[in-house]
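A.B. asks: Got a sequence here, can you build the structure:
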Amino acid sequence: QVQLEESGGGLVRTGGSLRLSCRASGRTDSNLAMGWFRQAPGKPFEFVAGTRGYPYYSESAAGRFTIARDNAENTVTLQMDSLRPEDTAVYYCAADGRITTDSKTYTYWGQGTRVSVSS
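C.D. replies: Residues are numbered from 1 along each chain as shown. Reported below is the predicted structural model:
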């Protein structure tokens, strides 16, 4: 079992930055794929970024968001810059054995942290 706990959401203006953090506990190792998804109201889960040693980004996140992993601390962070109102969503940390953009393939999920970007 892997437990995930996110932190770092909040309210920010357009163009601002936020840093999300996800700490994993339980059966963790460096081979665990960890990713970030988001869900805006009325919309399905959307892949944002993931890493299993190499970062992967969605088109909307590439160039603005940076995912980083600290295996010693079992944490993965998502630095979000140049935020836009359309980035408003609940952001979830997810983990599994491989990186995919399909939320259904991830076994472990955090509780989510809300990000709101005002115009």
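A.B. asks: Quick check, central residue of the chain?
C.D. replies: residue 36 (2.4 Å; C-alpha atoms, centre = their mean).
A.B. asks: which residues of the protein fall in strands?
C.D. replies: 2-7, 10-13, 18-26, 33-39, 46-51, 55-57, 65-70, 75-80, 89-96, 108-109, 113-118 (DSSP state E).
A.B. asks: can the ones you listed go into CSV with extra columns for mean pLDDT and distance to residue 102?
C.D. replies: C-betas here are computed from N, CA, C, even on glycine. What follows is the strands of the chain, written out as CSV (pLDDT from 0 to 100; distance: least, C-beta to C-beta, whole Å):
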stretch, mean pLDDT, distance to residue 102
strand 2-7, 94, 18
strand 10-13, 97, 28
strand 18-26, 95, 19
strand 33-39, 95, 10
strand 46-51, 96, 8
strand 55-57, 96, 13
strand 65-70, 95, 17
strand 75-80, 96, 18
strand 89-96, 96, 10
strand 108-109, 96, 13
strand 113-118, 97, 21
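A.B. asks: Can you report how many residues lie near residue 96?
C.D. replies: Residues lying near residue 96 (other C-beta atoms under 10 Å) number 18.
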